[in-house]
Structures are given as C-alpha cells and as structure tokens.
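[1] Just the structure for this:
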Amino acid sequence: MKYYIIAGERSGDLHGSNLVKALRKKQPHGAFRGFGGDEMQREGVTLSVHYREMAFMGFISLTFSLFKIFKYIRYCKQDILAYKPDAVILIDYGGFNLKIARFAKANGFKVFYYIPPKVWAWYQNRALKLKARVHRIFVILPFEKEFFKKYDCEVDYVGNPVLDAIKSFQPNKHFLEAYPFAADKKIVALLPGSRKIELKRIVPLMAQVAAANPSVQFAVAAVSNLPESLYAPLANRQNVTFVKESTYDLLLKAQAAIVTSGTATLETALFKVPQVVVYRTGIFEYLIAKWLVRVKFISLVNLIADKEVIKELIQQEANFRIVNEELNRLLNDTAYTEQVKHAYEQIYKTLNTGSASDNTAQLILDNLKD
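    Prediction:
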C-alpha cells in the first residue's frame, strides 16, 4: 500500500508520525510520502515539503501569503498524481487540506481525514464540504461526533492522540540535573507556542511576569527550529531557564504554567499542571474571529469539559496585571488548584478510549478493503 499524508504544522507532524508508526505495525511494507516534518520523516515518510515552509497563521498573514499557498497546493496535486497513492490521509490544516481533499476524491483517490478542521468553532457549514470531499472522517474530541450528526455526517471518534503521546512518554530521569533548577523553588513552565507570530505577541508578556516574580523559577519550552531572537525578552534573566525539545519533562516537574492557546493547553492539563491560558492576535484578526467563532471557549481543556476549568485571558485581558494575579493564585491557592486538577482527571477519563493512532490505522485499513 502507498499512502500520501499531509500535515501542515508541528502538532500534525507528531500525530502523523504516530499514525504512520501504527500503520507500519499492521502493514510493515507500506510506503509513505507527503507534507510533514521531522517526526514523520523519522518514521520513514519521504517529505516532498517540510511544514516549516507553510507556517502561516491568522487571517492577515494568510492574505499576504496566498501566492505561496496556491503554489504549494498546485505542487501537492501534481505530486499526488505522480505518486498514485492507495490513500490520501489529511491531518488538520483545514484551508489547505480541504482543497486537496476535493481534488483527490475527484481524481479517484480514497481520502481519509484524521483530525478534521475545527468546523464546530466557525464556518460550521464546512462540515458539508468535509462530508462531500472525504470518504471517512476520524475525530479526536468527544463532542465532535454529535456535532457532525447535525449535518447527517457519520464520523468515527478514535480517541485523542495527545493522550497517546503522553502515555508513551518516557521521562528523562536526569532532566532536573541538566538545568540550574533550585530544589526549594517552584517551577513555572512558559509555553509561548510554536509559531513566530505567537512568540512575538506573548513572549514580552511572559518576560514581564518573570521579572515580577524573582523567587520563582521560570522555564521556557523553546522550539529549536525557531530563531532565538524571538525569545530575546526572556533571555539573560536570572530566574529564566530555556528548555529545548523537552516540554513533557518540563511539565512533569512544573507547579504551574502560562500557556498560549492551542494543543499545549490539553498537554498541560493531562500532566495535571494548573495553568492560565493567554492569547493575543492582531486587532483586525480578533474582530473577524469574534464575529465568526461559535464556541464559548478557546482552550481544548474548557471545550472538552464544557465549562471553565482554567482561565482564558484573551487580547486586553492578556496583560501583565491579570496574568500575574492568576499565576500567583495558581501557585498559592491550594483549594483552587485541587479543583482544577480534579477537573483534569475527568477530562483524562473522557479521552481515555484506547490509542487514537491504532484505532485510526485499523479503520483506514478496514476501509481500504471495501
């Protein structure tokens, strides 16, 4: 079997690599090609394009990058036709992958969507596009199954790959020894994100909070393939340590976290670390999103729980005073943090339905037999 797999960002690359691993267990001689990153490449995927070339975020950024995006779409279509896969597997990255889905299905390829775009959040009628363009959809959030039913679209809930990654995580026993952490001081994890625009907007805020709390140890979950200059406001501070490519080890030891909205909020919750979520975007992008978005929360934690478990500080509320107050509450109010951790446990139970990667791999193979 030949598979063409497309993941357009870092988290999709991780989930794609685990799916490839699961498919290889069941079908050792499968061949893989597509768009992805280092993780997928390590699992034997031949990369035609690395996702770092397609790292666009936000409405304004997308507008100025349209020519580049369409160039990659054209190339992807040509590459699929030349490769002639038995299946095209799409992972998240909705704007790009929905176009590829339509093309692939129209050209007779079997199309599977693992982790579909968040159509429940905005432009909900995209569910109809998914239904028309994809042979099978595999969702990773429990409430998505009910959402798609409203559009007479049957999907498979396969579990959550973030939980898979955490279950398979092997802690580094010597992690603390590798960094200058003091045993008698609390550690606060700073997770500013993996996109350049996120860091530009959030790192200065995190630096303010770190400066105001000299007795607390702050550890930045830095991404090695991003320019160090993006972390400059946090550099050379006595109580700030940079941790590269060891986010899970950091979360295992942290007492609290400040997290940019995204998959990292769920990862932090599954490690049972009390957190405050921060998010900033451009004013025009924010106004457009406010007009379009149809959900009460932005963090996966609160969306899955269907209530406020953690504070979400957006735009003007993502300021030094409010973030600093919430962080200090997380560090000092035991009753408050126990309440948060109890809600985390319920989320863990909700998501714990077996391996999402294994479940998806089996469903793909079953559907290819039809």
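[2] What is the least confident helix or strand in this protein?
    helix 59-64 (a mean of 50; mean pLDDT, DSSP states H and E).
[3] What's the first helix or strand after that one?
    Beyond helix 59-64 in the direction of the C-terminus, DSSP states H and E gives the next helix or strand as helix 66-83.
[4] quick one: buried residues of that next one?
    72, 73, 76, 79, 80, 83 (16 or more other C-beta atoms under 10 Å). In short, each C-beta sits where N, CA and C put it, glycine included.
[5] Quick check: the gap between the first one and residue 49.
    Relative to residue 49, residue 72 is positioned 6 Å away (C-beta to C-beta, to the nearest Å).
[6] cool, and the fifth one?
    According to C-beta to C-beta, residue 80 stands 12 Å off from residue 49.
[7] so what's residue 230 closest to, chain neighbours aside?
    Sequence neighbours aside, residue 199 is the residue nearest to residue 230 in space, at 4.2 Å (criterion: C-beta to C-beta, 6 or more residues apart in numbering).
[8] likewise residue 299?
    Here the residue nearest residue 299, using C-beta to C-beta, 6+ apart, is residue 265, at 4.3 Å.
[9] That neighbour - how many residues pack around it?
    Number of residues near residue 265 (other C-beta atoms under 10 Å) recorded here: 28.
[10] so who does it touch?
    259, 275, 277, 299, 300, 301, 310 (C-beta atoms under 8 Å, 6 or more residues apart in numbering).
[11] cutoff 7 Å now
    259, 275, 277, 299, 300, 301 (C-beta atoms under 7 Å, 6 or more residues apart in numbering).
[12] Just list the residues touching the residue nearest to residue 230, thanks.
    192, 193, 226, 230, 231.
[13] CSV for these, including distance to residue 41 and secondary structure?
    Listed next are the contacts of residue 199 as CSV, based on distance: C-beta to C-beta, whole Å; DSSP: H, G, I helix; E, B strand; the rest coil:
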residue, distance to residue 41, secondary structure
192, 25, coil
193, 22, coil
226, 18, coil
230, 24, helix
231, 25, helix
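[14] Closest to residue 147 out of those residues?
    Using C-beta to C-beta, residue 193 is the member of the contacts of residue 199 that lies nearest residue 147, at 26.1 Å.
[15] State the distance from that closest one to residue 269.
    In terms of C-beta to C-beta, residue 193 sits 16 Å off from residue 269.
[16] In terms of neighbours, single out the busier of the two.
    The residue with more neighbours, out of residue 193 and residue 269, is residue 269; 31 against 26, by other C-beta under 10 Å.
[17] quick one, phi/psi of the more buried one?
    phi -70, psi -40 (degrees, to the nearest 10).
[18] Same question for the one 5 residues further on.
    Residue 274 has phi and psi values of phi -60, psi 140 when expressed as degrees, to the nearest 10.
[19] Give me the neighbour count for it.
    Neighbours around residue 274, by other C-beta under 10 Å: 26.
[20] Double-check residue 272 against residue 346; I have them as touching.
    No: applying C-beta atoms under 7 Å, one finds residue 272 not in contact with residue 346, separated by 11.7 Å.
[21] okay, these two: which has more neighbours?
    residue 272 (15 against 12).
[22] give me the element that one is part of.
    Counting by DSSP H and E, residue 272 is found in no helix or strand.
[23] Name the SS class of residue 277, please.
    Put simply, residue 277 is strand when judged by DSSP: H, G, I helix; E, B strand; the rest coil.
[24] Now do the contacts for it.
    259, 261, 265, 299, 310, 311, 312, 313.
[25] So what's the residue count around the fifth one?
    Residue neighbour count, defined by other C-beta under 10 Å, stands at 24 for residue 310.
[26] Quick check, central residue of this structure?
    Closest residue to the average C-alpha location of the chain: residue 263 at 3.5 Å, with C-alpha atoms, centre = their mean.
[27] ok, it - contacts?
    Contacts of residue 263 (C-beta under 7 Å, 6+ apart): 11, 162, 300.
[28] Can I get the buried part of those residues as one PyMOL selection?
    Selection of buried members from the contacts of residue 263 for PyMOL, criterion 16+ other C-beta under 10 Å:
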select buried, resi 11+162+300
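[29] next structured bit after the host helix or strand of residue 14?
    Assigned by DSSP H and E, residue 14 belongs to helix 10-26. Where DSSP H and E defines the elements, the next helix or strand beyond helix 10-26 is strand 31-36.
[30] pLDDT below threshold where in the protein?
    55-65, 122-123, 282-295, 370 (pLDDT under 70).
[31] Any idea how many residues pack against the nearest residue to residue 169 once chain neighbours are set aside?
    Excluding the flanking residues, the one nearest residue 169 by C-beta to C-beta, 6+ apart is residue 248, at 4.9 Å. A total of 18 residues lie near residue 248 under the criterion other C-beta under 10 Å.
[32] Next: residue 114.
    28.
[33] Can you name the residues bridging to it?
    When bridges are called by DSSP bridges, residue 114 pairs up with residue 91, residue 138.
[34] who touches it in this structure?
    19, 89, 90, 91, 138, 360.
[35] does the fourth one really touch residue 9, like I thought?
    Yep, that's residue 91 we're talking about. No: contact criterion C-beta under 7 Å: residue 91 and residue 9 do not qualify, at 9.1 Å.
[36] These two: which is more packed in?
    Comparing residue 91 with residue 9 by other C-beta under 10 Å, the one with more neighbours is residue 91, at 28 against 22.
[37] What segments of this structure are strands?
    According to DSSP state E, the chain carries its strands in the segments 2-7, 31-36, 46-50, 87-91, 110-114, 136-139, 156-157, 187-191, 217-222, 240-244, 256-260, 275-279, 311-314.
[38] okay, those in TSV with distance to residue 98 next?
    Listed next are those as TSV, based on distance: least, C-beta to C-beta, whole Å:
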stretch	distance to residue 98
strand 2-7	11
strand 31-36	14
strand 46-50	17
strand 87-91	8
strand 110-114	9
strand 136-139	12
strand 156-157	19
strand 187-191	29
strand 217-222	31
strand 240-244	34
strand 256-260	25
strand 275-279	24
strand 311-314	27
